[in-house]
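A.B. asks: using only what follows, build the 3D model:
(one chain, ligands or ions: 2)
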Amino acid sequence: MKVLVVGNGGREHALVWKIRQSPLVKEVFCAPGNAGIAKIATCLPIETSDIVELADFAQDARVGLTVVGPELPMVLGIADEFARRGLPIFAPTRAAAEIEGSKAFAREFMTRHKVPSPRYEVCNSLDEALDCCARAPFGFPLVLKADGLASGKGAVVAHDRSEAEAAARALMSDKRLGQATAKIVIEEFLPGEEVSFLVFSDGQKALPMVSVQDHKRIGDGDTGPNTGGMGTVSPATHLTLDLHKQIMAEVILPTIGGLEKEGRRFQGVLYAGLMITDKGPKVLEFNARFGDPEAQVILARLKSDLVPVLQGVAAGQLKEVKLEWAKEAAACVVLASAGYPDAAQTGQEIRGLEALDGQSDVVAFHAATAQRDGKVVTVGGRVLGITALGASLPAAVQRAYEATTKVSFDGMAFRKDIGARSIARLGATTAR
Ligand code: AMP
Ligand code: GLY
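C.D. replies: Ligands and ions are numbered 1, 2, ... in the order given. Alright, predicted model coming up:
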């Protein structure tokens, strides 16, 4: 079978890497891909937003399964376009992907289906937002979120009224996100520990993946602005078996059932970004896709063939599928460009990648890289995700950090504390 993967980040490199290992797969294409993906798949010069061109290619090349990484094509309706043409695709429909595409829809949906969430208000104009900042109905800090897609950079934590007003003005007139947002959601700040909880869903059944903790802030000790994610570890040691059961019962199943009831059947990866508070798990956000860099550690730990799982989801039949996971832990350390998450410096040559070729238990998943004049260069903020397996979490983290010393580019920045909190908690009865 031929498989087409849509996307160009580290998540898509991990997907291509895993899909290539399947005996069911003869050829893998990736649109548009990156320098690392180009070594193991045929890259196509089609942007992720060109959904008609992607469908044309899948049709002409007789692609047996298309797998979509990022949210943009989902929100643009790639699954709907493929379904119209009878082409198998692993991606939720536009209606189902709204759970990620609109923060206001997602919050109101969670209220309707009693999914545990922070208190919030939806503001439809700058005046409403400024009024909310002045009233501070949940006290400070407040969290302000742009309604649309923002690559993980649309949430601002404001500590007082003037910060909140500045954030509301910035989000609504937008300089940072490149487009204005007509709506924002203002919500209660929840203290606690975050966990990423991902499941495969065929619309009714949910198959949970291993637990993951992302590190969203740019700086060590969780300081500085939010990013798309600076590193991940799996397992997340605060996810106990009891919490796992509670999240399935209170968050995942009501959400999948609620989407089905509202005519938005969800087939794909449902990713709940959760805060574990002292009052239990609460949803910070839903994503309609694999996380990046969550996918890198999840797929490194997945022992089963991924392709039958993706096919089961696409066909709406996960009944027969079982997932087998490695006992080893995994860690991913993201190497970023100077300036990220604001304007990132690009065009820097990446040195030393060959030192990681062929190493067992370490993979350098490429994100913003491209091949230019025989060199691999940086083309964006998050450049590489150095991913390692280890017999224990500390071993995986240590192996990933050792591997980072082999590669370099000017301005290379990364967090030095990926996994530190999960390691400090080792010994708890973790789910997986
Ligand atoms: P989101 O775009 O909704 O995932 O938010 C990005 C990040 O902002 C989350 O991963 C959290 O670190 C933080 N965040 C979002 N909402 C809240 C909240 N209500 N309370 C505390 N932190 C939050
Ligand atoms: N790593 C967070 C995300 O993919 O949204």
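A.B. asks: what about stretch 138-156, start to end distance?
C.D. replies: End-to-end distance for stretch 138-156, by Cα to Cα, to the nearest Å: 15 Å.
A.B. asks: pLDDT on that stretch, on average?
C.D. replies: Mean pLDDT, computed over stretch 138-156, is 84.
A.B. asks: which positions in it come out as buried?
C.D. replies: Neighbour-count burial for stretch 138-156 flags 138, 141-150, 152-156 (criterion: 16 or more other Cβ atoms under 10 Å). In this view, the C-beta of every residue, glycine as well, is placed from N, C-alpha and C.
A.B. asks: hmm, who's touching the helix or strand that contains P281?
C.D. replies: Taking DSSP states H and E as the criterion, P281 maps to strand 280-287. For strand 280-287, the surrounding residues in contact (Cβ atoms under 8 Å, 6 or more residues apart in numbering) are 71, 99-100, 103, 106, 110, 115-118, 190, 192, 194-195, 243, 246-247, 250-251, 255, 269-275.
A.B. asks: same check on stretch 217-224?
C.D. replies: If you take Cβ under 8 Å, 6+ apart as the criterion, stretch 217-224 is touched by H215, K216, P225, N226, T227, M230, A336, Y340, P341, R415, K416, D417.
A.B. asks: contacts only, for the second one.
C.D. replies: Neighbour list for K216: G152, E194, D222, N226, T227, G229, M230 [criterion: Cβ under 8 Å, 6+ apart].
A.B. asks: what stretches of the stretch 1-150 of the chain score poorly on pLDDT?
C.D. replies: Scanning the stretch 1-150 of the chain with the threshold set as pLDDT under 70 gives 150.
A.B. asks: got the residues of the chain near ligand 2?
C.D. replies: Proximity of the chain to ligand 2 (Cβ under 6 Å from any ligand atom) is limited to residues G152, D214, G228, G229, N287, G291, D292, E294.
A.B. asks: S22 and ligand 2: what is the separation?
C.D. replies: Counting by Cβ to the nearest ligand atom, to the nearest Å, the separation of S22 from ligand 2 is 24 Å.
A.B. asks: ok, for that residue, nearest residue in space, not its chain neighbours?
C.D. replies: Using Cβ to Cβ, 6 or more residues apart in numbering and skipping the chain neighbours, the partner closest in space to S22 is V307 (4.1 Å).
A.B. asks: could I get the buried residue list for the helix or strand encompassing that neighbour?
C.D. replies: Assigned by DSSP H and E, V307 belongs to helix 306-315. Neighbour counts over helix 306-315 (16+ other Cβ under 10 Å) mark L306, V307, V309, L310, Q311, G312, V313, A314 as buried.
A.B. asks: centre of the chain to it, how far?
C.D. replies: 19 Å (Cα atoms, centre = their mean, to the nearest Å).
A.B. asks: so what touches that helix?
C.D. replies: With Cβ under 8 Å, 6+ apart as the test, helix 306-315 has contacts from 1, 3, 15, 18-19, 22, 24-25, 65, 67, 88-90, 200-202, 207, 267-268, 299, 318-321, 323.
A.B. asks: how about a cut-off of 6 Å?
C.D. replies: Contact with helix 306-315 is made by K18, S22, L24, V67, P88, F90, F200, D202, Q267, L318, V321, as judged by Cβ atoms under 6 Å, 6 or more residues apart in numbering.
A.B. asks: next to ligand 1, which bits of the protein? Give me the list.
C.D. replies: Counting by Cβ under 6 Å from any ligand atom, the chain sits next to ligand 1 at 118, 143, 145, 152, 154-155, 187-190, 194, 216, 226, 273, 275, 284-285.
A.B. asks: circling back: and the contacts of strand 280-287, which are buried?
C.D. replies: The neighbour count (16+ other Cβ under 10 Å) marks 71, 99-100, 103, 106, 110, 115-118, 190, 192, 194-195, 243, 247, 250-251, 255, 269-275 as buried among those.
A.B. asks: how about the stretch 101-250 of the chain: which residue is closest to ligand 2?
C.D. replies: Across the stretch 101-250 of the chain, the shortest distance to ligand 2 (Cβ to the nearest ligand atom) belongs to G229, at 3.1 Å.
A.B. asks: that residue touches E294, doesn't it?
C.D. replies: No - taking contacts as Cβ atoms under 6 Å, G229 lies outside contact range of E294: 7.3 Å.
A.B. asks: the two: who's more crowded?
C.D. replies: Neighbours were counted for G229 and for E294 using other Cβ atoms under 10 Å; E294 has more, 29 against 24.
A.B. asks: what sits against that one?
C.D. replies: Here E294 is in contact with S196, V212, T232 (Cβ under 6 Å, 6+ apart).
A.B. asks: and if we set it to 8 Å?
C.D. replies: Residues in contact with E294, defined by Cβ under 8 Å, 6+ apart, are R11, S196, L198, V212, D214, G229, T232, Y271.
A.B. asks: just checking, the fifth one touches G229?
C.D. replies: Spelled out, it's D214. Yes - the pair D214 / G229 is scored as a contact, 4.6 Å apart, by Cβ atoms under 8 Å.
A.B. asks: residues shared between the contacts of those two?
C.D. replies: Common neighbours of D214 and G229, counting by Cβ under 8 Å, 6+ apart, are G291, P293, E294.
A.B. asks: any idea how far the residue nearest the centre of the chain lies from ligand 1?
C.D. replies: Using Cα atoms, centre = their mean, the residue of the chain that lies closest to the mean C-alpha position is G291, 1.7 Å off. In this view, G291 and ligand 1 are 10 Å apart by Cβ to the nearest ligand atom.
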